[in-house]
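> fold the following and give me the result.
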Amino acid sequence: MGKISKLLSLIIVFGLMFFSTNTIEAKEAKANDTEQHVVTYTQEDYNLIKQKQIEMGVTPEKAEELIDKLKNGEVLDADVLSPEKAVKTIKSVNGDIVKITYFFPDGSAAQTEYTDPSVVTNTLKDNKTISTIIPQSISGGSCTTVTYTTTCKNRKVSYQLATYGFSFYANYTIVGPYYDSIQWAGNWNIWVAGGTYTNPSMRIIRATETDSAKAEARLSATINLSGGYSSISRSLSLLVGNDSATDRWNSYY
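Got it, this is the predicted structure:
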């Protein structure tokens, strides 16, 4: 079955009502690409930042050092460095909840969390490899599986940094022999300790997986930080394709 036939079959079977062909060009963000904002932390902000860092696995002593760094007008590594720059990564899986914690050079931490039912096995049928979702890997009652199709609703995608964080929810469908898709993304949340955010945008970049790209939903915003940085653009993506769902933290809008 060709690509067009597969796509038409998927649309007919699931009755997808939302398909987007508009792709936003991803551009690297510069630290000072917008006007400078003055950020002042309150004691409540410092307490919140310290508490969240300790919850991510930072020692109380190191968390206190990070607060001193903020008080000196500096920015924490976790807030501006990509996950690839982490010096240590810890992954934990609890049922279908995947949590990954990234530790950066200055000791600060960031954490991503998402729910994913896609424990996949490959089976051979009619000389073709077909990916199968194992129902036993699904928990929480938010996913249903019929044959080779898993439909998930209100699944959480989250990335929490030292002084700010992104999260949103999404509905998506994983189909073994066909293209995976995202039907909805919303109920988003962005928090910034002692700062502000502007230009929030929750959108579906690509509703249906193609031969060359996964379906993608993306939450974007401009974050105003303290220290040597003024405003930076960041985004959190949900990627659905190749019979699985995962997230990606981006240093662009």
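
> helices of the stretch 51-200 of the chain, start to end?
60-71, 77-80 (DSSP state H, counting those that start in this stretch).

> can you redo those helices as TSV with mean pLDDT, distance to I223 and mean neighbour count?
No exception for glycine: its C-beta is placed from N, CA and C like everyone else's. Formatted as TSV, the helices of the stretch 51-200 of the chain follow (pLDDT from 0 to 100; distance: least, C-beta to C-beta, whole Å; neighbours: other C-beta atoms under 10 Å):
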stretch	mean pLDDT	distance to I223	mean neighbour count
helix 60-71	97	15	16
helix 77-80	95	8	24
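
> turn the ones you listed into JSON lines, including distance to E44.
Shown next, in JSON lines, are the helices of the stretch 51-200 of the chain (distance: least, C-beta to C-beta, whole Å):
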{"stretch": "helix 60-71", "distance to E44": "12"}
{"stretch": "helix 77-80", "distance to E44": "18"}
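
> which stretch among those helices comes nearest Y102?
Smallest distance to Y102 across those (C-beta to C-beta): 7.2 Å, for helix 77-80.

> and that closest one, what does it pack onto?
strand 109-115 (3 or more C-beta pairs under 8 Å, 6 or more residues apart in numbering; DSSP states H and E).

> which elements pack onto the strand it packs on?
If you count contacts as 3+ C-beta pairs under 8 Å, 6+ apart, strand 109-115 packs onto helix 77-80, strand 97-103, strand 149-160, strand 244-250.

> what sits against Q160?
K52, M56, A110, Q111, T112, E113, F166, S167 (C-beta atoms under 8 Å, 6 or more residues apart in numbering).

> er, C143 I mean
For C143, the contacting residues are D96, P117, T150, T151, C152, K153, R155, by C-beta under 8 Å, 6+ apart.

> who is it paired with across the strands?
Beta bridges link C143 to C152 when assigned by DSSP bridges.

> I'd like the numbering to begin with 32 instead of 1 from here.
Taking 32 as the first residue, the last one we looked at is C174.

> do you know how far it is from T204?
Distance, C174 to T204, by C-beta to C-beta, to the nearest Å: 10 Å.

> return every residue with contacts to both of these two.
Common neighbours of C174 and T204, counting by C-beta under 8 Å, 6+ apart, are T181, T182, C183.

> hmm, T181 and S173 touching each other?
No. S173 is not in contact with T181 according to C-beta atoms under 8 Å; the separation is 10.7 Å.

> neighbour count, distance to W215 and pLDDT for the contacts of C174 - can I get that in JSON lines?
Supplementary listing: the contacts of C174 in JSON lines, determined by neighbours: other C-beta atoms under 10 Å; distance: C-beta to C-beta, whole Å; pLDDT from 0 to 100:
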{"residue": "D127", "neighbour count": "20", "distance to W215": "19", "pLDDT": "73"}
{"residue": "P148", "neighbour count": "26", "distance to W215": "17", "pLDDT": "58"}
{"residue": "T181", "neighbour count": "26", "distance to W215": "16", "pLDDT": "90"}
{"residue": "T182", "neighbour count": "17", "distance to W215": "12", "pLDDT": "92"}
{"residue": "C183", "neighbour count": "25", "distance to W215": "11", "pLDDT": "90"}
{"residue": "K184", "neighbour count": "15", "distance to W215": "8", "pLDDT": "91"}
{"residue": "R186", "neighbour count": "22", "distance to W215": "10", "pLDDT": "88"}
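
> from the residues you listed, which two are the most distant?
The largest separation in the contacts of C174, counting by C-beta to C-beta, is between D127 and T182 at 14.1 Å.

> much appreciated, bye for now.
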